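K.L.:
next one to model:
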Amino acid sequence: MIVLEDVHKTYGRQKVLDGISFRIREGSVTTVIGTSGSGKSVLLRQMIGLEKPDSGTILIKGENIVNLSSRELNRIRRHIGVLFQEGALFDSLTVKENVAFPVREHLKLTEKQVQEIVDVRLTQVGLREHQDKLPAELSGGMRKRVGLARALALDPAIVFFDEPTTGLDPITRDVIYRLIEKTHAEDSRTYVLVSHDVGGVLRISDEVMMLRDGKIGWSGTPDEIRSTSDEAVRQFFTGSVNGPIRIE
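P.N.:
This next block holds a predicted model:
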């Protein structure tokens with residue numbers, strides 16, 4: 001489904017991605033973790049085609065997106081949804097208009113058909129009754145949920161999540177995790193999360209990859225994290241190399 005082979009990215013003298021290679025299994029939930037500044041967001045931008053790597057291959061559904069034109073990339077993005085860190089909603093559009101935006105951009109449907117899709121996605125995230133509100137009238141958690149509804153609007157095969165719970169309180173954070181679990185269980189899409197959250201995100205993951213020094217320094221299942229002897233992984237989760245690793 002998603003394959004990266006020897007991907008490099010440098011900004012000036014700073015090497016951010018230094019030969020990244022991995023494969024993400026179709027229908028899985030995969031989380032890329034790492035400290036702030038480790039390159040997680042850069043890696044995400046490469047995978048969704050917002051930036052091009054200096055070298056390497058990025059395959060999405062078997063197609064190398066690195067050298068595609070803007071028009072060809074838009075064709076690929078028809079099958080990709082993204083929940084951006086701050087939701088990235090249009091402030092001047094209502095909730096329903098935000099969710100409808102990608103549908104109107106990519107599909108030739110009647111307004112009735114567009115509204116049917118909006119109703120389904122907002123119901124899925126529990127916000128149909130708020131469809132006429134503006135983003136400024138919503139809480140941070142509700143804006144994230146609208147962002148997820150919009151990410152799912154085109155029924156994508158792959159959904160990327162950029163720090164989906166940043167800035168949320170623990171209760172709202174748990175709501176978002178449960179919603180991610182619920183929507184994945186309903187449709188079995190491929191979910192890729194980028195996060196520095198060491199707890200709840202791992203609870204929903206099939207595989208975890210740790211980005212460090214520009215490379216995938218460790219990968220495995222949440223159960224393997226609990227038993228790993230890798231000192232960097234243990235310190236990331238506990239603050240020390242000796243503490244027990246607990247995953248929510």
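
K.L.:
quick one, longest helix in this structure?
P.N.:
Assignment by DSSP state H gives helix 170-187 as the longest helix of the chain.

K.L.:
and the contacts of that helix?
P.N.:
Identification of contacts with helix 170-187 by Cβ atoms under 8 Å, 6 or more residues apart in numbering yields 29, 124-126, 139-141, 144-145, 148, 152, 155, 161, 164-165, 168, 189, 191, 193, 197, 200-201, 203-204. C-beta: built from backbone N, CA, C; applies to glycine.

K.L.:
please apply the same query to stretch 100-117.
P.N.:
For stretch 100-117, the surrounding residues in contact (Cβ under 8 Å, 6+ apart) are Arg78, Phe90, Leu93, Lys96, Val99, Val118, Arg150, Ala153, Leu154.

K.L.:
okay, and the third one sits in which element?
P.N.:
Element membership of Leu93 [criterion: DSSP states H and E] is none; it lies in no helix or strand.

K.L.:
over to the fourth one?
P.N.:
Secondary structure from DSSP H and E places Lys96 in helix 95-106.

K.L.:
then that helix to PDB, C-alphas only?
P.N.:
Extracted C-alpha coordinates of helix 95-106, given in PDB (Å, rounded to 0.1, in the frame of the first residue of the first chain):
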ATOM      1  CA  VAL A  95     -19.000  22.700   9.200                       C
ATOM      2  CA  LYS A  96     -21.000  21.100   6.400                       C
ATOM      3  CA  GLU A  97     -19.300  23.400   3.800                       C
ATOM      4  CA  ASN A  98     -15.900  22.300   5.100                       C
ATOM      5  CA  VAL A  99     -16.800  18.600   4.800                       C
ATOM      6  CA  ALA A 100     -18.400  19.200   1.400                       C
ATOM      7  CA  PHE A 101     -15.300  21.100   0.000                       C
ATOM      8  CA  PRO A 102     -13.300  18.100  -1.200                       C
ATOM      9  CA  VAL A 103     -16.400  16.400  -2.600                       C
ATOM     10  CA  ARG A 104     -17.200  19.400  -4.700                       C
ATOM     11  CA  GLU A 105     -13.600  19.700  -5.800                       C
ATOM     12  CA  HIS A 106     -13.200  16.100  -7.000                       C
END
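
K.L.:
on that earlier part again, narrow the contacts of stretch 100-117 to those that are buried.
P.N.:
Those of these that meet the buried threshold are Lys96, Val99, Val118, Arg150, Ala153, Leu154, by 16 or more other Cβ atoms under 10 Å.

K.L.:
Ile76 is in contact with the last one, correct?
P.N.:
No: because the distance of 12.0 Å does not satisfy Cβ atoms under 8 Å, Leu154 is recorded as not touching Ile76.

K.L.:
could you pull out the strands for this protein?
P.N.:
Along the chain, the stretches classed as strands by DSSP state E are 2-11, 14-24, 29-33, 55-60, 63-64, 80-83, 158-162, 190-195, 207-212, 215-220.

K.L.:
what pLDDT, on average, does the longest one get?
P.N.:
Computed over strand 14-24, the mean pLDDT rounds to 95.

K.L.:
now the worst-scoring helix or strand of the chain on mean pLDDT: buried residues?
P.N.:
Ranking every helix and strand in the chain by mean pLDDT, DSSP states H and E puts helix 200-203 at the bottom, with a mean of 76. With burial defined by 16+ other Cβ under 10 Å, the residues of helix 200-203 counted as buried are Gly200, Val201, Leu202.

K.L.:
any idea how far the nearest residue to the second one once chain neighbours are set aside lies from Leu127?
P.N.:
Excluding the flanking residues, the one nearest Val201 by Cβ to Cβ, 6 or more residues apart in numbering is Ser195, at 4.7 Å. To Leu127, Ser195 is 23 Å away according to Cβ to Cβ, to the nearest Å.

K.L.:
how near is the residue at minimal distance from the centre of the chain to Phe237?
P.N.:
With distances taken as Cα atoms, centre = their mean, the residue of the chain nearest its centroid is Phe161 (1.6 Å). Plainly put, Phe161 is 20 Å away from Phe237 if you go by Cβ to Cβ.
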